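Visitor: no sequence on this one, just coordinates:
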């Protein structure tokens, strides 16, 4: 049953029907078409009056004087929040998604890329997925490589596949065996610890056990700090070509703007930054995305889990005239399967 709130049930039902019809046809919706196609139980004139009041209230827009009406941002928002019927994926659809992700390689970045391409194909829109947030990564191992008696490279590898390299210069001489001994002590002490919990005190204790200099200890502290730097997550995107099939983007200028957004990871990240650390799905519509360049778009965003600590965001970007209930179901089902697929990433053995 539709709950119209301040709109009342009849206006709410008409608004929901207009949104549904416009999503399906991409054509402005008129009162006569609604009356003929749907069993509204009222006359075309009454529907026309109700639509005029919905337009006056900011829920509908009339693009041209003689045309029907289309939903506004407020109309879509009311539909998503209060009027649409939620959808769920079928058992077969869930199984197909799970099977596809099971076929993905075992490296984290390849699993994310595979998921992104799958979601782009299933949604027929642009899909993008952020890598798990870096504060959740675990220390996997460190390798200290000797270059000369006073220089070397520290390579820190984490459970999220991040590899941070730091060149260091030392005042005191160091031998290759010193670096091997210190690396072994660090790996024994720190393996599988959350990287953000690795302390300077623990690194100093490993340095004392290994008998290495303070400047080598400081170089490792700096390398670990570089590995856990809180830069914005890497984003994988796929399916931009799907937007070519949408009537809204037959204007090549609009399409070029969207493709430019996809290329600029910072802008793409800002589209979903509001949802980072969220526990539930969210939808942003049109001008809610904060840019005139994005005003014709909407984004559906769902979090996924990586173990008990990490989360990333799985998103679908497309026209405001998107089938919100269907895409929310797709994104949610894919996020659940991705979370399951990632559950054993930390247990993947080193090659």
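Guide: Happy to help now that I have it. Quick caveat, the model's predicted, so the values are computed rather than measured.
Visitor: helices or strands next to whichever strand or helix holds residue 337 in the packing?
Guide: Assessed by DSSP states H and E, residue 337 sits inside helix 324-342. Secondary-structure packing of helix 324-342 (3 or more CB pairs under 8 Å, 6 or more residues apart in numbering; DSSP states H and E): helix 91-102, helix 108-123, strand 297-306, strand 310-319. C-beta coordinates here come from the backbone N, C-alpha and C atoms, glycine included.
Visitor: now render the ones you listed as CSV, adding mean neighbour count.
Guide: Supplementary listing: these in CSV, determined by neighbours: other CB atoms under 10 Å:
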stretch, mean neighbour count
helix 91-102, 14
helix 108-123, 20
strand 297-306, 24
strand 310-319, 25
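Visitor: can you put those in a markdown table and add distance to residue 173 and mean pLDDT?
Guide: Output for those, formatted as a markdown table (distance: least, CB to CB, whole Å; pLDDT from 0 to 100):
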| stretch | distance to residue 173 | mean pLDDT |
| --- | --- | --- |
| helix 91-102 | 51 | 93 |
| helix 108-123 | 38 | 91 |
| strand 297-306 | 42 | 91 |
| strand 310-319 | 41 | 87 |
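Visitor: do a quick rundown of the strands in this structure.
Guide: 60-61, 70-71, 126-130, 139-146, 151-158, 163-169, 235-238, 282-285, 297-306, 310-319 (DSSP state E).
Visitor: what's in contact with the fourth one?
Guide: In other words, strand 139-146. Around strand 139-146, the neighbours that count as contacts under CB atoms under 8 Å, 6 or more residues apart in numbering are 152-159, 174-176, 179-180, 182-183, 186-187, 190-195, 198, 220, 223-224, 350.
Visitor: are any of the residues you listed buried, and if so which?
Guide: With burial judged by 16 or more other CB atoms under 10 Å, the buried subset of these is 152-159, 174, 179, 182-183, 186, 190, 194-195, 198, 220, 223-224.
Visitor: still on that earlier bit, narrow the contacts of strand 139-146 to those in helices?
Guide: 176, 179, 180, 182, 183, 186, 187, 190, 220, 223, 224 (DSSP state H).
Visitor: so for the residue nearest to the first one when sequence neighbours are not counted, what's the pLDDT?
Guide: Going back to what we said before, that points to residue 176. What sits nearest to residue 176 in space, not counting adjacent residues and going by CB to CB, 6 or more residues apart in numbering, is residue 146, at 4.1 Å. Residue 146 carries a pLDDT value of 93.
Visitor: quick one: residue 146 from residue 168, how far?
Guide: 11 Å (CB to CB, to the nearest Å).
Visitor: neighbour count winner among the two?
Guide: Neighbours of residue 146 and residue 168, each counted by other CB atoms under 10 Å, are more numerous for residue 168; the result is 19 against 15.
Visitor: not counting its neighbours along the chain, what's nearest that one?
Guide: Closest to residue 168 by CB to CB, 6+ apart is residue 219, at 3.6 Å.
Visitor: wait, that neighbour touches residue 155, no?
Guide: No: applying CB atoms under 8 Å, one finds residue 219 not in contact with residue 155, separated by 11.9 Å.
Visitor: bridged to the closest residue to residue 113 other than its chain neighbours, which residues?
Guide: Spatial nearest neighbour of residue 113, chain neighbours left out: residue 236 (5.1 Å); criterion: CB to CB, 6+ apart. Beta-bridge pairing of residue 236 under DSSP bridges involves residue 129.
Visitor: my guess is residue 236 contacts residue 119, does it?
Guide: No: contact between residue 236 and residue 119 fails when scored by CB under 8 Å: they sit 10.1 Å apart.
Visitor: mutual contacts of these two, please.
Guide: Contacts common to residue 236 and residue 119, judged by CB under 8 Å, 6+ apart, are residue 129.
Visitor: quote the end-to-end distance of stretch 280-295.
Guide: This stretch, stretch 280-295, spans 24 Å end to end (CA to CA, to the nearest Å).
Visitor: that'll do, ta.
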